[in-house]
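**Q** When you get a sec, could you give me coordinates for this:
(2 chains, ligands or ions: 2)
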2 protein chains.
Amino acid sequence: MTAALSRLPGLGPRSARRAVLWLIKRRETALVQLLDALGAVQGALVECEVCGNIDTHDPCAICADPRRDMRALCVVEEVADLWALDRARLFTGKYHVLGGRLSALDGVRPEDLAIDRLLARVEQGGVDEVVLAMNATLEGQTTAHYLAERLEAFPVRITQLAHGLPVGGELDYLDEGTLAQAIRARRPVA
Amino acid sequence: MTAALSRLPGLGPRSARRAVLWLIKRRETALVQLLDALGAVQGALVECEVCGNIDTHDPCAICADPRRDMRALCVVEEVADLWALDRARLFTGKYHVLGGRLSALDGVRPEDLAIDRLLARVEQGGVDEVVLAMNATLEGQTTAHYLAERLEAFPVRITQLAHGLPVGGELDYLDEGTLAQAIRARRPVA
Ligand SMILES: [Zn+2]
Ligand SMILES: [Zn+2]
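**A** Residues are numbered from 1 along each chain as shown, chains lettered A, B, ... in the order given. Ligands and ions are numbered 1, 2, ... in the order given. Reported below is the predicted structural model:
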């Protein structure tokens, strides 16, 4: 259950353990209420057929929002990533959830992900930019590379999230890979 | 002593605590030897008058190395940052150590840092690019801003380290500030 809870956006493994302990201590009241609430929500939740987001409506609130920019499409691995990015409130376009990342180890191939659906959305037109927002892991970057190649055929700008120092990052605490990337991708001071 | 050790490049607070325990257990042998070695090194160490690096020679090995690119100058807060960046082995230019960062809280003003010496090095000519490699903290970024303004008077390119996802960074574990920066600074897939 800790593992399950720690997948909730905003809950790291440590907060998840604290939450589990809190729930166990109050299992007669809080746990029953939570289970009820989760059951109710579970029944109401659907996967958006357009983007793969999880919401109470299909299409989801983001896909249905006319104020969001249809010309920018941000591709993420999981729904949790979509929620994390949307909390940062900087991206005003639409999303596309792949449902995972390519992995030789776990036997995840392109046909196991929502890639055809992504290409169909781009082919349909109206998209100017596809932002590849994969995790900065080996498998995430392999997936981004693969998608970039598949998207080359379309007249869209393909971008990726910036890699470098995280907010609060102190140089002598960061790993050499991150420092190397931060130097390689250094940019003019605005 | 844990605090002192944790300032060593590559030693976080936890590794430092382990190292201290290890030393205390072997205080008759290892601790005495370490103190001897540190004393010997201490006597041999000098601050490089050019860049502020700590080495057994002045000018330091980096300043004295003719294979390093004199046209690129990387400005860091502390010597530990210089060592961290140099371990990443991607930057082939020279360095300049400020000896701290501007801080209203700690009362650190421009004249407390090696800023005049930096401007003198740039004014001397031969430098094409100044890389501001401050920590991604509020004070680090304030310092970078201040330096960028002071350097505007010179015909040099002013760049800064890339900010964004650290290596291995998974979107739903990263803070919103880092995600916002990663989106804002997104770049074309090469
Ligand atoms: Zn949707
Ligand atoms: Zn030097």
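
**Q** so where is chain A shaky, pLDDT-wise?
**A** Confidence mapping of chain A against pLDDT under 70 gives the ranges A:1-13, A:38, A:40-42.

**Q** Show me where it has its strands.
**A** Counting by DSSP state E, chain A has strands at residues A:46-47, A:54-55, A:69-76, A:93-97, A:129-132, A:157-160, A:187-188.

**Q** now for those, which one comes closest to residue B:140?
**A** Nearest to residue B:140, of all those, is strand A:187-188, at 16.2 Å by Cβ to Cβ. For glycine as for every other residue, the C-beta is placed from the backbone atoms N, C-alpha and C.

**Q** is it possible to export the strands of chain A to a markdown table including mean neighbour count and distance to residue B:25?
**A** As requested, the strands of chain A are arranged in a markdown table below (neighbours: other Cβ atoms under 10 Å in any protein chain shown; distance: least, Cβ to Cβ, whole Å):
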| stretch | mean neighbour count | distance to residue B:25 |
| --- | --- | --- |
| strand A:46-47 | 14 | 57 |
| strand A:54-55 | 16 | 53 |
| strand A:69-76 | 20 | 49 |
| strand A:93-97 | 23 | 52 |
| strand A:129-132 | 22 | 50 |
| strand A:157-160 | 19 | 49 |
| strand A:187-188 | 12 | 48 |
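
**Q** Switch those strands over to JSON lines; also include distance to residue A:20.
**A** Below are the strands of chain A laid out as JSON lines (distance: least, Cβ to Cβ, whole Å):
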{"stretch": "strand A:46-47", "distance to residue A:20": "27"}
{"stretch": "strand A:54-55", "distance to residue A:20": "22"}
{"stretch": "strand A:69-76", "distance to residue A:20": "27"}
{"stretch": "strand A:93-97", "distance to residue A:20": "27"}
{"stretch": "strand A:129-132", "distance to residue A:20": "35"}
{"stretch": "strand A:157-160", "distance to residue A:20": "36"}
{"stretch": "strand A:187-188", "distance to residue A:20": "43"}
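
**Q** Of all the ones you listed, which one comes closest to residue A:173?
**A** That would be strand A:187-188 among these, by Cβ to Cβ, at 22.2 Å.

**Q** which residue is nearest the centroid of chain A?
**A** Chain A has residue A:81 as the residue nearest its centroid, 2.1 Å off, counting by Cα atoms, centre = their mean.

**Q** thought that one was touching residue A:135?
**A** Yes: at 7.4 Å, residue A:81 and residue A:135 qualify as touching, with contact defined as Cβ atoms under 8 Å.

**Q** Can you show me the helices along chain A?
**A** A:2-6, A:13-25, A:32-44, A:61-64, A:79-87, A:115-123, A:138-151, A:176-184 (DSSP state H).

**Q** Dump the C-alpha coordinates for the second one into CSV.
**A** Written as CSV, here are the backbone C-alpha positions of helix A:13-25 (Å, rounded to 0.1, in the frame of the first residue of the first chain):
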residue,chain,number,x,y,z
PRO,A,13,7.8,7.2,-0.4
ARG,A,14,8.4,8.8,3.0
SER,A,15,5.2,10.8,3.0
ALA,A,16,3.4,7.6,1.7
ARG,A,17,4.7,5.7,4.7
ARG,A,18,3.5,8.4,7.1
ALA,A,19,0.1,8.4,5.4
VAL,A,20,-0.2,4.6,5.7
LEU,A,21,0.6,4.7,9.4
TRP,A,22,-1.9,7.5,9.9
LEU,A,23,-4.6,5.4,8.1
ILE,A,24,-3.7,2.2,10.0
LYS,A,25,-4.1,4.0,13.4
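
**Q** Which residue ranges make up each domain of chain A?
**A** A:2-44, A:54-188 (automatic domain parsing).

**Q** Among the ones you listed, show me which one is buried the most.
**A** Most buried of the domains of chain A by mean neighbour count (mean count of other Cβ atoms under 10 Å in any protein chain shown) is domain A:54-188; its value is a mean of 18.

**Q** Can you give me the end-to-end span of it?
**A** Using Cα to Cα, to the nearest Å, the span of domain A:54-188 from its first residue to its last is 39 Å.

**Q** same deal with stretch A:177-190?
**A** For stretch A:177-190, the first-to-last residue distance is 25 Å (Cα to Cα).

**Q** One more: stretch A:146-158?
**A** End to end - Cα to Cα - stretch A:146-158 spans 12 Å.

**Q** any idea how far it is from the chain center?
**A** Distance of stretch A:146-158 from the chain centroid (Cα atoms, centre = their mean, to the nearest Å) equals 19 Å.

**Q** quick one: that stretch near chain B?
**A** Yes: with Cβ under 8 Å from any Cβ of the partner chain as the measure, stretch A:146-158 is seen reaching chain B through A:148, A:157-158.

**Q** ok, residue A:166 - contacts?
**A** Going by Cβ atoms under 8 Å, 6 or more residues apart in numbering or on different chains, residue A:166 touches A:178, B:136, B:163-166, B:169, B:174-175, B:178.

**Q** how about the helices of chain A, which one is nearest ligand 2?
**A** Of all the helices of chain A, it is helix A:176-184 that lies closest to ligand 2, at 18.5 Å by Cβ to the ion.

**Q** relative to helix B:79-87, how tilted is the closest one?
**A** 90 degrees (axes from the mean of the first three to the mean of the last three Cα atoms, to 10 degrees).

**Q** helices and strands around helix A:176-184, which ones?
**A** In terms of contacts (3 or more Cβ pairs under 8 Å, 6 or more residues apart in numbering or on different chains; DSSP states H and E), helix A:176-184 is packed against helix B:79-87.

**Q** circling back: so can I have CSV of the residues of stretch A:146-158 next to chain B showing distance to ligand 1?
**A** Output for the residues of stretch A:146-158 next to chain B, formatted as CSV (distance: Cβ to the ion, whole Å):
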residue, distance to ligand 1
A:148, 23
A:157, 22
A:158, 21
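
**Q** of those residues, closest to residue A:109?
**A** Checking those against residue A:109 with Cβ to Cβ, the nearest one is residue A:148 at 17.4 Å.
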